[in-house]
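Asks: Sequence and predicted structure below; questions after.
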Amino acid sequence: MMQAAVQPSLSGVPVLETGRLILRAPQASDWPAFNAMLASDRARFIRSGDYDLSNTWRAFGHMIGHWVLKGFGMFVFQMKGDDTPLGMTGPWCPATWPEPEIGWTVWNPTAEGKGIAFEAAQAARGYAYDVLGWPTAVSYVAPDNMRSRVLAERLGAAIDTQAASIGDPPCLVYRHPAPESLK
């Protein structure tokens, strides 16, 4: 049986650039970094239960498939001139979520404490507002995830106690500033 060599891609996904970063479509070569992060203690705030390879593979497919199903999704971010995936950020809204989110996850601990996630999330939020036309966005953050809480607040988001949440126990819902207030 003959098999064709296929290089899977999300060819319609835009590439965003910031001063230091490239935000691009997720790709198959990101799997080892994604899997390593979800297998580590770093994932305790986003993983439901213990690490499971099968569930991690489905989560990776979910991240990629969101682009196909909804036309937007998570970008993988990396430093300019270096193909190492450092994490993901972007606009997304899984089917059961009450409203669209700007989400983020830092996969590589070497990317922490340098403003990289902030820079990437700002670009992703700008894309959601300026290109997708979102009038608002939230970020769902586990109450004990202090790094993500600090990042949400640095982005100007504030806890919205009236917004519906996700998770059990429920996440804090951080409401981002409206697009017009960021101009």
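Replies: Right, received. Where do you want to start?
Asks: in stretch 147-166, what's buried?
Replies: For stretch 147-166, burial by neighbour count (16 or more other Cβ atoms under 10 Å) applies to 148-149, 151-152, 155, 157, 165. No exception for glycine: its C-beta is placed from N, CA and C like everyone else's.
Asks: Ignore what I typed, I meant stretch 79-91.
Replies: So stretch 79-91, judged by 16+ other Cβ under 10 Å, has buried residues 85-91.
Asks: Please flag which of these sit within strands.
Replies: 87-91 (DSSP state E).
Asks: Same list (the buried residues of stretch 79-91) but as JSON lines, adding distance to Met79 and pLDDT.
Replies: Shown next, in JSON lines, are the buried residues of stretch 79-91 (distance: Cβ to Cβ, whole Å; pLDDT from 0 to 100):
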{"residue": "Pro85", "distance to Met79": "10", "pLDDT": "98"}
{"residue": "Leu86", "distance to Met79": "7", "pLDDT": "98"}
{"residue": "Gly87", "distance to Met79": "11", "pLDDT": "97"}
{"residue": "Met88", "distance to Met79": "14", "pLDDT": "97"}
{"residue": "Thr89", "distance to Met79": "14", "pLDDT": "98"}
{"residue": "Gly90", "distance to Met79": "17", "pLDDT": "98"}
{"residue": "Pro91", "distance to Met79": "22", "pLDDT": "98"}
